[in-house]
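*Asks:* Generate coordinates for the sequence data below:
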Amino acid sequence: MKAMVLQGIRQMEMVEIPDPVLEKPDDVLLRLLVVGVCGSDIHYYTQGRIGSQVVHYPFRVGHECAAVVEAVGSAVRHLQPGDTVAVDPAMWCNRCDQCRLRRFHTCRNLRFLGCPGQAEGCLAERIIMPSASCFKTPPTLPAETAALIEPLAIGVYAASLAAPLAGGRIAILGAGPIGLSVLLAAREQGAERIYVSEPLASRRRAAQTGGADWTASPNETDIVADIAQQEPLLLDAVFECCGQQEALDQAVRLIKPGGMLLIVGIPSVARVSFDIDTLRRREITIRNVRRQNEKTAETIKTVAAGRLRPNFMITHRFPFEQTQQAFDLVADYADGVIKAMILFNFS
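*Replies:* Residues are numbered from 1 along each chain as shown. Just a heads-up that it's a prediction; the model follows:
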């Protein structure tokens with residue numbers, strides 16, 4: 001079968017690899033339909049690493065996907081061939097202390113699709129996943145939408161950590177796919193007013209489509225002063241979704257005493273800093289958001305019910321053979337891209 005692998009910085013190649021086969025009773029053989037290009041994929045593509053996770057070439061990235069079940073292991077009961085699934089890229093052991101606490105996303109033995117040293121990614125015609133990571137989607141849910149479930153579930157999880165959001169006033173710094181996912185989830189969970197900071201005009205427009213009450217560019221205005229003028233008591237929570245030191249600094253200044261900073265973005269540097277005087281005096285809680293945890297099924301139901309409508313994030317589509325063009329587009333923030341999708345049956 002065909003697979004797309006990284007061969008170096010900004011180098012991709014389509015190669016032939018053996019077809020995967022079922023080995024364990026809970027294995028599921030999946031035929032890929034759609035793969036979304038994620039910002040973490042771009043880190044590996046342009047830098048060859050995220051922190052301590054370093055790519056050793058050749059390596060296959062990709063973790064946001066929808067697929068069709070082709071075969072199942074003997075222990076699988078909730079899926080059958082022909083089902084369409086959204087995939088949770090995490091593969092947890094279900095044995096360690098973290099799994100016993102239902103913190104599957106911090107499993108001591110966690111494997112994650114497209115993560116160096118853990119598991120090859122989903123940029124291939126077929127992959128094997130444990131059945132616990134495969135969530136059946138209703139026939140009415142398009143495959144493209146199913147592929148958005150993974151980043152959207154991160155937004156749902158992040159918003160839940162700041163709960164209760166009902167009546168709350170929040171800011172989201174960075175309106176890429178994850179920031180927009182947080183926006184949709186926060187609005188659905190009842191946030192009263194949502195401020196969004198984003199330098200790219202196309203993404204500010206997308207944030208308005210997603211329900212933002214106010215958007216502005218941090219390159220054109222003083223974000224802190226402008227929001228503070230409208231919210232003199234400051235904000236209940238700020239979601240940092242771009243991984244930038246400047247945004248972290250702005251977030252701390254925007255949060256009211258007793259409020260929360262949620263770090264969702266992935267910084268490209270090993271260390272960041274905070275104004276400890278402001279953090280301490282306001283008793284601000286800092287919460288790191290690690291992917292999503294047990295939010296995939298909930299997110300599918302919410303999307304299927306029409307309470308979350310994420311498809312406006314999809315701006316570009318590419319056939320599997322043009323995966324490198326898709327990665328270049330996203331890496332360069334070109335042509336107003338928000339979410340690029342790789343389609344295995346492109347037409």
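*Asks:* wait, is residue 144 part of a helix?
*Replies:* Yes - when DSSP: H, G, I helix; E, B strand; the rest coil is applied, residue 144 is found to be in a helix.
*Asks:* Count the neighbours of it for me.
*Replies:* Using other Cβ atoms under 10 Å, residue 144 has 18 neighbouring residues. All C-beta atoms are positioned from the backbone trio N, CA, C, and that covers glycine.
*Asks:* what's the closest non-adjacent residue to it?
*Replies:* residue 34 (5.4 Å; Cβ to Cβ, 6 or more residues apart in numbering).
*Asks:* cool, residue 136 as well?
*Replies:* Nearest residue to residue 136 in three dimensions, chain neighbours excluded: residue 83, at 5.1 Å (Cβ to Cβ, 6+ apart).
*Asks:* The one you found and residue 89: what is the separation?
*Replies:* Going from residue 83 to residue 89 by Cβ to Cβ, to the nearest Å gives 18 Å.
*Asks:* nearest spatial neighbour of residue 181, skipping sequence neighbours?
*Replies:* Leaving aside its chain neighbours, residue 181 sits nearest to residue 155 (2.9 Å; criterion: Cβ to Cβ, 6+ apart).
*Asks:* so what's the backbone phi/psi at that neighbour?
*Replies:* Dihedral angles of residue 155 (phi, psi; degrees, to the nearest 10) stand at phi -60, psi -40.
*Asks:* how far away is it from residue 263?
*Replies:* Taken as Cβ to Cβ, the span from residue 155 to residue 263 is 14 Å.
*Asks:* What segments of the stretch 1-150 of the chain are strands?
*Replies:* All strands of the stretch 1-150 of the chain, identified by DSSP state E, counting those that start in this stretch, fall at 2-8, 11-16, 27-36, 49-50, 53-54, 64-72, 84-87, 90-91, 111-112, 126-130, 134-136.
*Asks:* can you list those in CSV and add mean pLDDT, distance to residue 159 and mean neighbour count?
*Replies:* Converted to CSV, these look like this (pLDDT from 0 to 100; distance: least, Cβ to Cβ, whole Å; neighbours: other Cβ atoms under 10 Å):
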stretch, mean pLDDT, distance to residue 159, mean neighbour count
strand 2-8, 98, 32, 19
strand 11-16, 98, 34, 14
strand 27-36, 98, 20, 24
strand 49-50, 90, 23, 15
strand 53-54, 92, 26, 14
strand 64-72, 98, 19, 23
strand 84-87, 98, 19, 24
strand 90-91, 96, 19, 22
strand 111-112, 96, 22, 18
strand 126-130, 98, 26, 21
strand 134-136, 98, 19, 20
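*Asks:* Mind checking those strands for the one nearest to residue 253?
*Replies:* strand 49-50 (27.5 Å; Cβ to Cβ).
*Asks:* What strands line up against that closest one, and which way round?
*Replies:* Sheet pairing of strand 49-50 (DSSP bridges) gives strand 53-54 (antiparallel).
*Asks:* How about residues contacting the partner strand?
*Replies:* If you take Cβ atoms under 8 Å, 6 or more residues apart in numbering as the criterion, strand 53-54 is touched by 48, 115, 116, 117.
*Asks:* ok, now with 6 Å
*Replies:* With Cβ atoms under 6 Å, 6 or more residues apart in numbering as the test, strand 53-54 has contacts from residue 116.
*Asks:* before we move on, what about stretch 234-248?
*Replies:* The contact list for stretch 234-248 (Cβ under 6 Å, 6+ apart) reads 162, 168-174, 178-179, 182, 251, 254-256, 259-267, 272.
*Asks:* give me that answer again for 8 Å
*Replies:* 158, 162, 165, 168-176, 178-179, 182, 186, 195, 197, 218, 227-228, 250-251, 254-256, 259-269, 272-274.
*Asks:* For PyMOL, what selects the buried ones among these?
*Replies:* Selection of buried members from those for PyMOL, criterion 16 or more other Cβ atoms under 10 Å:
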select buried, resi 158+162+165+168+169+170+171+172+173+174+175+176+178+179+182+186+195+197+218+227+250+251+254+255+256+259+260+261+262+263+264+265+267+274
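*Asks:* tell me, what residue is most central in this protein?
*Replies:* residue 151 (3.0 Å; Cα atoms, centre = their mean).
*Asks:* Validate this expectation: that residue resides in a helix.
*Replies:* Yes - applying three-state DSSP, one finds residue 151 inside a helix.
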